[in-house]
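Asks: All I have is the shape, not the residue letters:
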């Protein structure tokens with residue numbers, strides 16, 4: 001199960017390779033196309049891998065990654081997206097940015113701040 005959830009696509013590969021993250025593997029277009037053919041599927045949709053543009057599409061658009069946390073950890077400067085899938089399977093990525101810093105002092109950020117008004121180190 002760990003290999004399934006920790007493996008990442010690599011546009012430079014055709015097959016499997018050891019992941020530099022130390023968990024799971026990297027996999028290429030050959031692996032994706034074989035999996036889709038064997039399982040009679042047309043697309044793989046995944047998440048939880050940072051995409052600076054909010055999403056990525058690889059391998060002739062047969063694999064997409066959605067990332068929905070803008071400016072991850074308050075420092076990455078990335079966009080985020082939400083994917084809409086239409087009735088016929090059409091896909092549209094709604095890309096958005098983080099709220100401006102002066103508009104971020106909502107309840108969730110206030111709850112994350114410590115007594116000194118600073119974000120804990122794990123956010124930095």
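Replies: Happy to help now that I have it. All values reported here derive from a predicted model rather than from experimental measurement.
Asks: State whether residue 46 and residue 67 are indeed in contact, as I suppose.
Replies: No: the pair residue 46 / residue 67 is not scored as a contact, 10.1 Å apart, by Cβ atoms under 8 Å. Where you see a C-beta, it was placed from the backbone N, CA and C, and this is true even at glycine.
Asks: what about the two, which has more around it?
Replies: residue 67 (21 against 14; other Cβ atoms under 10 Å).
Asks: Run a quick neighbour tally on the closest residue to that one other than its chain neighbours.
Replies: Nearest non-adjacent residue to residue 67, counting by Cβ to Cβ, 6 or more residues apart in numbering: residue 51, 4.2 Å away. Number of residues near residue 51 (other Cβ under 10 Å) recorded here: 19.
Asks: How much space separates residue 51 from residue 42?
Replies: According to Cβ to Cβ, to the nearest Å, residue 51 and residue 42 sit 21 Å apart.
Asks: returning to what we had before: look at the residue nearest to residue 67 and report its pLDDT.
Replies: In the predicted model, residue 51 carries a pLDDT score of 97.
Asks: now swap in residue 106 and tell me
Replies: 58.
Asks: Which secondary structure element of this protein has the lowest mean pLDDT?
Replies: None of the helices or strands of the chain scores lower by mean pLDDT, DSSP states H and E than helix 107-112, at a mean of 54.
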